[in-house]
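> coords below, sequence missing:
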């Protein structure tokens, strides 16, 4: 069976095809109570007439509608007239990174650099220069940077020249794997010999005391886990051509091979297009490769605009609670991997399928909430983003590029002096005022909120091991865990959002004697509280963490892998963590006994695990959703901004005869929730014998 990726315009066409005009009817509890609203139908793409806006008077913002500036107002008067002020500036970040004059966020300048593509020299930016794109980590690119990418004709022409029709000839289920490190059997070196004779097996390296014997060694080469067909090799060549257009392919990469350099470049390309960065050519990756590069840039612009709209409106309702996602300009702007739905995403879409993503209805609520009437919220975020993009005139890639809503030209200091020609499109205004659909009547700064985590299907059986002694990967269970946030409205509740998350499972730990084993890490069930939110948190590895994974080698010296400790976008907690305190009874004074089991709801650099993996007990979210949740809680629940919380943390590690110290001088930037938000972790559907998780499973692999 052949396939054609849906909603993926081909580059060989001169113009981006008009997206499907079917729009989702958005129903919900809006201001005024119980009324309905519909997402605007995207009009035919049209170029806006060039208009130079007049300079804004002190503090005024442009009022825009239909791609034109229709007036100017102060922010206060705009809000008084029912308009929403949306920040379009290069200095914008998600609300959780806001700061007070006496409580700055130290990491904010660094995050702004990443959002604007300023990858400076120095060690602090070393990993960022490798990663290059940060939307998947919760840092969307600035709108002006995305507009410059959209205006890059040379790059788009390069993509258009690639003969990538071969990608459509592969079956929908075809996956071209990355090459793996080649291993060969080795033999112990005889006494007095340092090198094996030619044509014989290599010698095994010496092992540390207590380590299991080594039977295989790496050759330094990589090989494909299976032979590639002629068609697959041609597909790899086409993919490599697209990587060159983005300057992502090393000149040392081998043509038609999924070698290490090719796979690394593909991972960056996948991250650029918000596809799971597996380093393999799968269906979603082929869909991204076949998409017109201007269309891909336009969707990135709409996603970045969406986060600005979320920040301006305080919305969280994205359709995930109802199980139906809305469109923006006739498009589902998220790839299946990052859609906020908990259902399966691996099934390739049909060409005739409607452009609306759906998932099963939410699971039943906790017993104490069973008597409440629960209403799932529709996709209000898509409707608001549709209205904002319509007001800006961003109806297509061409319309977004020829847009008339731009910043006024700077006044020249010297009369008569010519302004130097600008490269690329004119910058956007720092803020605009637009008319968006009304907010729900239940929104407010003191909402009664609660969270519920359904563990779904919980598999207790011991995992099987592969030939190398590692835990075999298993496909995700049908009923994945979910996190739902509820708001109390009268005598009922509104389910605001329901997102995929993770629970515990069998994880590899390092025992005191240095050997490895599997241990079941459980997500604690029952009632808990969210007492605080930590922006840019640091992570303290538990006692069973593998020492090798906490270190990085530079020359002959081992150093702490600071990126995983944090703070930073690649920290184990991502850029935000919500602390769990478990309620374990009451004391003699009737006060709740709270215990911190080191469980967190947090972002993660390992975002592919959110829909298919497991954790050490924490509840991971996609990074942009974790930031949205944290921002919503701060805006809609009473809290105290504590700022950066000092902490004196040190842990000494010993590895291969060297001692290394993990250090952290702060816990993160804290917002204390007053009172804490209630959380319930449901038992889920437990499968297997509870006795099977009580003992460790020894592993034969070396640390």
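On my side now, so go ahead. All figures in this text were calculated on a predicted structure; none of them were measured in a lab. Numbers count the residues shown, from 1 in each chain.
> please report the residue range of the longest helix in the protein.
The single longest helix within the chain, with elements called by DSSP state H, is helix 293-313.
> hang on, residue 65 packs against residue 391?
Yes. The pair residue 65 and residue 391 qualifies as a contact (C-beta atoms under 8 Å) at a distance of 5.2 Å. For glycine as for every other residue, the C-beta is placed from the backbone atoms N, C-alpha and C.
> these two: who's more crowded?
Between residue 65 and residue 391, residue 391 has the larger neighbour count (other C-beta atoms under 10 Å), namely 25 against 19.
> okay, that one: pLDDT?
pLDDT, residue 391: 97.
> following the helix or strand where it lies, which helix or strand shows up next?
Counting by DSSP states H and E, the element that carries residue 391 is helix 380-392. Next in sequence after helix 380-392, counting helices and strands by DSSP H and E, comes helix 397-401.
> who does the longest helix of the chain touch, helix- and strand-wise?
Other helices and strands packing on helix 293-313, by 3 or more C-beta pairs under 8 Å, 6 or more residues apart in numbering; DSSP states H and E, are strand 84-87, helix 143-150, helix 153-161, helix 380-392, helix 397-401, helix 623-636.
> that one versus helix 143-150: what angle between them?
Angle, helix 293-313 to helix 143-150, by axes from the mean of the first three to the mean of the last three C-alpha atoms, to 10 degrees: 170 degrees.
> quick one: low-confidence parts of the stretch 401-550 of the chain?
The model of the stretch 401-550 of the chain has pLDDT under 70 over residues 410-422.
> helices or strands next to the helix or strand harbouring residue 601 in the packing?
Using DSSP H and E, residue 601 sits in strand 600-602. When contacts are defined as 3+ C-beta pairs under 8 Å, 6+ apart, strand 600-602 packs onto strand 576-579, strand 619-620, helix 623-636.
> so residue 617 sits against residue 597, correct?
Yes. If you go by C-beta under 8 Å, residue 617 and residue 597 touch, sitting 7.2 Å apart.
> who has more neighbours, those two?
residue 617 (21 against 15).
> one step back: what about the longest helix of the chain, distance to the chain center?
On the basis of C-alpha atoms, centre = their mean, to the nearest Å, helix 293-313 sits 14 Å off its chain's mean C-alpha point.
> stretch 566-576 now?
Offset of stretch 566-576 from its chain centre (C-alpha atoms, centre = their mean): 12 Å.
> strands of the stretch 401-550 of the chain, start to end?
Assigned by DSSP state E, counting those that start in this stretch, the stretch 401-550 of the chain shows strands spanning 431-434, 449-454, 457-459, 482-489, 492-500, 505-510, 516-521, 526-535.
> nearest to residue 621, of those strands?
With distances scored as C-beta to C-beta, the stretch of those nearest to residue 621 is strand 492-500 (6.0 Å).
> parallel or antiparallel, which strands does that closest one pair with?
Paired neighbours of strand 492-500 in the sheet (DSSP bridges): strand 373-376 (parallel), strand 482-489 (antiparallel).
> between helix 380-392 and it, find me the angle.
80 degrees.
> what's strand 492-500 in contact with?
For strand 492-500, contacts defined as C-beta atoms under 8 Å, 6 or more residues apart in numbering pick out 29, 316-318, 320-321, 323, 340-342, 362, 365, 369, 372-377, 440, 442, 480-487, 610-611, 621-622, 625, 629, 632.
> do you know how far residue 95 is from residue 516?
Using C-beta to C-beta, to the nearest Å, we find residue 95 at a distance of 42 Å from residue 516.
> where does the stretch 601-703 of the chain dip in pLDDT?
For the stretch 601-703 of the chain, the stretches with pLDDT under 70 are 702-703.
> residue 334 against residue 303, yeah?
Yes. If you go by C-beta under 8 Å, residue 334 and residue 303 touch, sitting 7.2 Å apart.
> which neighbours do the two share?
Counting by C-beta under 8 Å, 6+ apart, the shared contacts of residue 334 and residue 303 are residue 274.
> any shared contact partners between residue 65 and residue 391?
434, 435.
> ok so, going back, now the helices and strands packed on strand 600-602 as JSON lines including mean neighbour count and distance to residue 457?
Converted to JSON lines, the helices and strands packed on strand 600-602 look like this (neighbours: other C-beta atoms under 10 Å; distance: least, C-beta to C-beta, whole Å):
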{"stretch": "strand 576-579", "mean neighbour count": "26", "distance to residue 457": "24"}
{"stretch": "strand 619-620", "mean neighbour count": "28", "distance to residue 457": "16"}
{"stretch": "helix 623-636", "mean neighbour count": "24", "distance to residue 457": "22"}
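> residue 698: which of these is closest?
The stretch from the helices and strands packed on strand 600-602 with the least distance to residue 698 (C-beta to C-beta) is strand 619-620; that distance is 27.4 Å.
> now do the closest one: everything it contacts.
Residues from elsewhere that reach strand 619-620 (C-beta under 8 Å, 6+ apart): 453, 481, 483, 501-503, 523, 599-604, 606-607, 609-610.
> how about stretch 143-163?
Against stretch 143-163 from outside (C-beta under 8 Å, 6+ apart): 11-12, 88, 90, 115-117, 141, 238, 241-242, 244-246, 292-294, 297-298, 300-301, 304-305, 308, 397, 400-401, 424-425, 427-428.
> just stretch 97-114 next, same as before
Under the contact criterion C-beta under 8 Å, 6+ apart, stretch 97-114 has outside partners 90-91, 93, 118-120, 124-125, 128, 134, 139, 535-536, 567-569, 575, 641-644, 669.
> how about stretch 224-243?
Against stretch 224-243 from outside (C-beta under 8 Å, 6+ apart): 159, 162-164, 166-167, 169-170, 174, 176-177, 179-180, 249, 253, 255-258, 262, 265-266, 269, 281, 285-286, 289.
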